[in-house]
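Asker: any chance you could fold what I've pasted below:
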Amino acid sequence: MMLAVGAAQPGHAVAQRPVGYPRSYDALIADARAERVLTVYGNADRSELVTVVAAFRRTYPGIAVRYADLGSAEIYRRLVAETRARRPSADLVWSSAMDLQVKLINDGFAQGYASPEKPALPARSVWKNMGYGVTAEPIGIVYNRRLIPDAAMPRSHAALEAVLRQRRAVFTGRVTTFDPARSNVGYLYMAEDLAITRDSRALFQAIAATKPVLSATTEPMLAAVAAGRQAIAYNVIGSYALEQAKRDRRLGVVFPTDYTIVTSRIAFIARNARAPAAAKLFLDFLLSRRGQTLLAERSLWPVRTDVRARRLPSVQARPIRVGPQLLVNLDHITRQRFLRDWQATLSGASR
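Answerer: Reported below is the predicted structural model:
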């Protein structure tokens, strides 16, 4: 669904170039004001971006932002189809499906841009001056605190595997996780688990033995755990889960101490953007200290380390690098082999 956030107003104030930006940025601001409307395809909840968009519009009066809140696969399909048909599409594309974003960049759907904020970003979060990791979101384990006391909740992958094996009968039908066949991010997280340690196969087997409830999105998993229908949700976007846990004391969130995957929502400017200047301004704002601080106030943990925000110890965090290695996950043979092995694990566990 396309939702307009703000509208261009006549007689708007003159936007000021950010401190430290080159003088040439004045021309970019002027071009963006002439474009008037920016279209963003993203899969962050619209509610998470209200304050960010409002602050952007105060900084650059007269530029409206139209944000389409879409699923990651839909973002991919729409951008490809609309670009090939030469129809209007997104100016900025921003998604948590890191592998799909990298594929779009690799396949020529992005344009290069050296953001003035690039020197403040971790090197692993930028690829080819096209893909920019905007967030650093840990992947955690959510549990129902009424069913599992905080002190009894496993704090590592190995401990979780042990509990699921030892208490299989108790957890049968009470574990939920992403369905890697229906969820691109779910597939990505499981593939990263395996890349980090081969011990993940044993954990997957223990999960499969509980006859898990598989989901395509995060919301049903959080709702089921909160209601007590499931006791544990594995590989959930932790920043979202923490935000929900603030409002619902039934939910607990654990970031495994042995390692915690950290993902990033990658943004890029579309090759055929109709408002490329406005897209550059918005990308720069998301990456700026102001934009990152606003993201940190919601559930989107910032990628910058010079912003006050909660973050994991470096020995615990395993950030996924923005780069071509993510394309391996999208190789058809690799993906089919993974899904075949996962289905065999599920089938074997049900016997």
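Asker: contacting residues for the closest residue to Gly112 other than its chain neighbours?
Answerer: In space, and not counting its chain neighbours, Gly112 is closest to Asn129: 4.7 Å by Cβ to Cβ, 6 or more residues apart in numbering. C-betas here are computed from N, CA, C, even on glycine. Applying Cβ atoms under 8 Å, 6 or more residues apart in numbering, we find Asn129 in contact with 112-115, 118.
Asker: distance check, Asn129 against Val52.
Answerer: Counting by Cβ to Cβ, to the nearest Å, the gap between Asn129 and Val52 amounts to 23 Å.
Asker: and what of Ala81?
Answerer: For Ala81 relative to Val52 (Cβ to Cβ), the value is 28 Å.
Asker: tell me which of those two has more neighbours.
Answerer: Using other Cβ atoms under 10 Å as the criterion, Ala81 and Val52 rank with Val52 on top: 24 against 11.
Asker: wait, a helix at the more buried one?
Answerer: Yes - secondary structure of Val52 (DSSP: H, G, I helix; E, B strand; the rest coil): part of a helix.
Asker: I figured it hits Thr293, correct?
Answerer: No - using Cβ atoms under 8 Å, Val52 makes no contact with Thr293, being 9.8 Å away.
Asker: wait, doesn't Val303 sit right on Gly133?
Answerer: Yes - the criterion here is Cβ under 8 Å, and Val303 meets it with Gly133 at 5.3 Å.
Asker: shared neighbours, the two?
Answerer: With contacts taken as Cβ under 8 Å, 6+ apart, the residues that reach both Val303 and Gly133 are 121-122, 125, 264.
Asker: which one of those residues sits closest to Thr39?
Answerer: Nearest to Thr39 out of the shared contacts of Val303 and Gly133 is Ser264 (Cβ to Cβ; 21.9 Å).
Asker: from Phe204, how far out is the closest one?
Answerer: With distances taken as Cβ to Cβ, Ser264 is found 24 Å from Phe204.
Asker: where does the prediction get shaky in the stretch 201-350 of the chain?
Answerer: Scanning the stretch 201-350 of the chain with the threshold set as pLDDT under 70 gives 349-350.
Asker: going along the chain, name the helices of it.
Answerer: 218-227, 238-247, 276-287, 289-297, 332-349 (DSSP state H, counting those that start in this stretch).
Asker: out of those, the one nearest Thr260 is which?
Answerer: Relative to Thr260, the nearest member of those by Cβ to Cβ is helix 238-247, separated by 7.7 Å.
Asker: who touches that closest one?
Answerer: Under the contact criterion Cβ under 8 Å, 6+ apart, helix 238-247 has outside partners 45, 135, 137-140, 142, 218, 222, 226, 233, 251-253, 255, 260, 298-301.
Asker: of the shared contacts of Val303 and Gly133, which pair is most distant in space?
Answerer: Based on Cβ to Cβ, the longest span within the shared contacts of Val303 and Gly133 runs between Leu121 and Ser264 and measures 10.3 Å.
Asker: now list the buried members of the shared contacts of Val303 and Gly133.
Answerer: Buried members of these, scored by 16 or more other Cβ atoms under 10 Å, are 121, 125, 264.
Asker: that's all I had, so thanks and see you.
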